[in-house]
Structures are given as C-alpha cells and as structure tokens.
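Student: Have a look at this prediction, sequence included:
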Amino acid sequence: MTIRVLVVDDQVMVREGFSVLLNAMPDIEVIGEAVNGREAVTKVAELAPDVVLMDIRMPELNGIEATREIVASHGDSKVLVLTTFDLDEYVYQALRAGASGFLLKDASARQLADGVRVVAAGEALLAPTVTRRLITEFSKLSQNPRQPALAQIGDLTERETEVLVLIAQGLSNAEIASHLVVAESTIKTHVSRVLVKLGLRDRTQAAVFAYEARLVTPG
C-alpha cells in the first residue's frame, strides 16, 4: 500500500525538497503541502494522510500546537517532527503533544523515507543518535512534568513494567525479547497491553511516560 504524506514547513524549498525525495519512492506519495500549523490541521482533515512531516517553528500555529490538534482529532494520522537541532527544546514538547517521533532535517533521503515507513507502520521513531539523550535532557528541563496516576502504573504487571522500562532505554522488540529470553511475539503482546493500559499512542509516548513517572531515572 502507498503511504500518503503531508509535508508541513514554512520554507518553500524545504517543502519542495522533501516532496521530491519522497515522491521518488515507489511506496510513498506526497498528497499535499502546508505552510503553517493552521493549514496543516485543515489539510489533515481534508486529506487524511498516513503521515504528517511537521516542522516545529512556524507562524500562525506552531508544530507543537498543530500536532496536539491533529492527534486529538485525527488519531490515524501519525506526526513525524522535523527539526534542525537534535536538542531543540521544542522537540520534547512535541513528543508530549503526541508526535510519533522526530528526525533531523539533514537526514538522508533513505533515512527520511525509512522514517516515514516506520511511523506509518505504527512504530515510534527517534533519531538514533539522540534517543536517550533527548528524553533524558528534556525530562530534566520540563517545567511541569506530567505526574501519571499511581493507579495507572499499578495496573501494569511486573513484566509489563519491565518491558516499559526497556522501551524507555531505547531497546527494540527484538532486543527486549533477547534480554528477557522470550519470543518477540510475546514482547509485542506486552507492548500492546502497556499502551492500552496507560492510554498511550506508541512507543515514543511510552518512553516519555516512563521517564516522567520516574520508572527510569534521567542521567
């Protein structure tokens, strides 16, 4: 199936560049572009893209607020945040707003396409070189960290809590399965149950939750 993408950026060269790169892929189609967050929200409602490539710093409505509105109203559209800096202070806020991950704008064409595929498949994506560093740093900097209800954490079994911690440490399902010496299919089941019990969208949200619940200590 073709992955339908909406590209959102206030710079025309960036939008056109990403569109050309993605349209060159046989399984990806750019179905629209938006110049700011407000237009992005409108076009998501009209076009229902599978993935939204979202810049953060834009006029009228920034990428964080746009992400929050899209996630709340159009949950089937996954948001992949694009940023120039790997420690952009707004990236952490975007993840909390519901983004499924982020990529640096200097990513290669292959990394960009692979990122779109990963997010479209329902997985989470964080730039590999900064996964732990980003969550760690911004959980420290968060002015008003979310305090998850103890009842939510209490709903998790011991094994589910263990899986949640390993997700927050950046491990894939295969790596978690190897670490716990169980089948990967078993881990997928645990991950699904964790997301449902905590009311989270994906692994990125689970990782942020684990840090903010202090199940994983930043540092």
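Tutor: Cool, the structure landed.
Student: Touching, L112 and L21? I think so.
Tutor: Yes. Counting by C-beta atoms under 8 Å, L112 touches L21, with 6.0 Å between them. For glycine as for every other residue, the C-beta is placed from the backbone atoms N, C-alpha and C.
Student: So if I had to pick from these two, which one is more boxed in?
Tutor: Using other C-beta atoms under 10 Å as the criterion, L112 and L21 rank with L112 on top: 22 against 18.
Student: So G75 versus L171, what's the distance?
Tutor: Note on G75: its distance to L171, by C-beta to C-beta, to the nearest Å, is 26 Å.
Student: for Y90, same thing?
Tutor: According to C-beta to C-beta, Y90 stands 26 Å off from L171.
Student: Ok, M54 next?
Tutor: Separation of M54 from L171 (C-beta to C-beta): 26 Å.
Student: The two: which has the busier surroundings?
Tutor: Taking neighbours as other C-beta under 10 Å, M54 and L171 compare with M54 leading, 28 against 18.
Student: contacting residues around the helix or strand harbouring the more buried one?
Tutor: Element membership for M54 (DSSP states H and E) is strand 51-55. By C-beta atoms under 8 Å, 6 or more residues apart in numbering, the residues outside strand 51-55 that reach it are 3-11, 14, 18, 37, 40, 44, 63, 66-67, 70, 77-83, 94, 99, 116, 119-120.
Student: Each with direction, which strands does that strand pair with?
Tutor: strand 3-8 (parallel), strand 78-83 (parallel) (DSSP bridges).
Student: After that strand, heading C-terminal, what element do we hit next?
Tutor: helix 63-73.
Student: Just the buried residues of that next one, please?
Tutor: Residues of helix 63-73 classed as buried: G63, I64, E65, A66, T67, R68, E69, I70, V71 (neighbour count, 16 or more other C-beta atoms under 10 Å).
Student: what's next to the longest helix along the chain, contact-wise?
Tutor: Of all segments of type helix in the chain, defined using DSSP state H, the longest is helix 184-198. Helix 184-198 is contacted by residues 148, 152, 155-156, 159-160, 163-164, 167, 173-174, 176-177, 180, 200-203, 205-206, 209 when judged by C-beta under 8 Å, 6+ apart.
Student: Model confidence for T131, exactly?
Tutor: pLDDT recorded at T131 is 56.
Student: just to revisit the earlier point, now pLDDT and distance to I187 too, for the buried residues of helix 63-73, in CSV please.
Tutor: Formatted as CSV, the buried residues of helix 63-73 follow (pLDDT from 0 to 100; distance: C-beta to C-beta, whole Å):
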residue, pLDDT, distance to I187
G63, 90, 32
I64, 90, 31
E65, 92, 34
A66, 94, 33
T67, 93, 28
R68, 92, 30
E69, 94, 33
I70, 94, 29
V71, 90, 25
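Student: Mind picking the one among those that's closest to K105?
Tutor: Using C-beta to C-beta, G63 comes nearest to K105 of the buried residues of helix 63-73, at 12.4 Å.
Student: Isn't the closest one up against V81?
Tutor: Yes. G63 is within contact range of V81, at 6.3 Å (criterion: C-beta under 8 Å).
Student: which neighbours do those two share?
Tutor: Contact criterion C-beta under 8 Å, 6+ apart; residues shared by G63 and V81: M54, D55, I56, A94.
Student: which other helices and strands contact the helix or strand encompassing the last one?
Tutor: Taking DSSP H and E as the definition, one finds A94 inside helix 89-97. Applying 3 or more C-beta pairs under 8 Å, 6 or more residues apart in numbering; DSSP states H and E, we find helix 89-97 packed against helix 63-73, strand 78-83, strand 101-104, helix 131-141, helix 203-212.
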